[in-house]
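> here is the input, now give the coordinates:
(chains A and B)
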Amino acid sequence: EPEVTQTPSHQVTQMGQEVILRCVPISNHLYFYWYRQILGQKVEFLVSFYNNEISEKSEIFDDQFSVERPDGSNFTLKIRSTKLEDSAMYFCASSGGQDEQYFGPGTRLTVT
Amino acid sequence: DQQVKQNSPSLSVQEGRISILNCDYTNSMFDYFLWYKKYPAEGPTFLISISSIKDKNEDGRFTVFLNKSAKHLSLHIVPSQPGDSAVYFCAASAGGNKLVFGAGTILRVKS
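Below you'll find the predicted structure:
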């Protein structure tokens, strides 16, 4: 069964450093998303991506964040200068249409 | 942001019985509702969904009911199995865009 994959599973970085979280969506999907879940809080939307551009972004997704689909398979989230409050689980999701989204296993980002 | 609420933090059910998880929403623009199951250290796994034009959708042991006038949906699992023990998230979207999640309900199925 096709699935969304994410790497790395756990990333530890120092405050102020850049991180890139990687995702491989399900191959025939067209819509891509990033969500995050801070420990003890809800899963919250960051950004959606369709047709090689951002279709929607949340207030959280400020200038420190960027997304890219560098080739036909990968979808990346870059945080330019990490802050302590960026520590969270980051989930990538994809969907074939505007319906159910399928999530990856997540990357745990720890900022020290 | 309290657009999607799951007011029960946890639920404990005996194996074989029915589990009923509830979800309320406030945004009348939501037109698609989903339930996800999540184990620790894993991503949310899609379970079942329902469009706002329906009031019921069934898939095996899982049934979702939607009451639009009350802005309420519920997930029924019958019969409940120990492997169903997980966190269940209700989510909603408007026009097929971002998902708005509830806080989740921890389901424990006792054998």
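> okay, CA-based contacts and neighbour counts for the rest of this
OK.
> contacts only, for residue B:85.
By Cα atoms under 8 Å, 6 or more residues apart in numbering or on different chains, the contact list for residue B:85 reads B:106-109.
> tell me which of the residues you listed fall in strands.
Secondary structure defined by DSSP state E assigns B:106-109 of those to strands.
> who does residue A:93 form a beta bridge with?
Judged by DSSP bridges, the bridge partners of residue A:93 are residue A:33, residue A:103.
> and residue B:58, that's in a strand?
Yes: if the criterion is DSSP: H, G, I helix; E, B strand; the rest coil, then residue B:58 is within a strand.
> so what's it up against?
Per Cα under 8 Å, 6+ apart, neighbours of residue B:58: B:48, B:64.
> from residue A:25, how far off is it?
Residue B:58 is 27 Å from residue A:25, where distance means Cα to Cα, to the nearest Å.
> now do the contacts for residue B:104.
Residue B:104 sits in contact with A:42, B:6, B:9, B:87-90, where contact means Cα under 8 Å, 6+ apart.
> residue B:83 - that's part of a strand, no?
No: Residue B:83 is assigned helix when assessed by three-state DSSP, not a strand.
> leaving out the residues flanking it, which one is nearest to it?
Counting by Cα to Cα, 6 or more residues apart in numbering or on different chains, residue B:83 lies nearest to residue B:109, which is 7.7 Å off, once chain neighbours are set aside.
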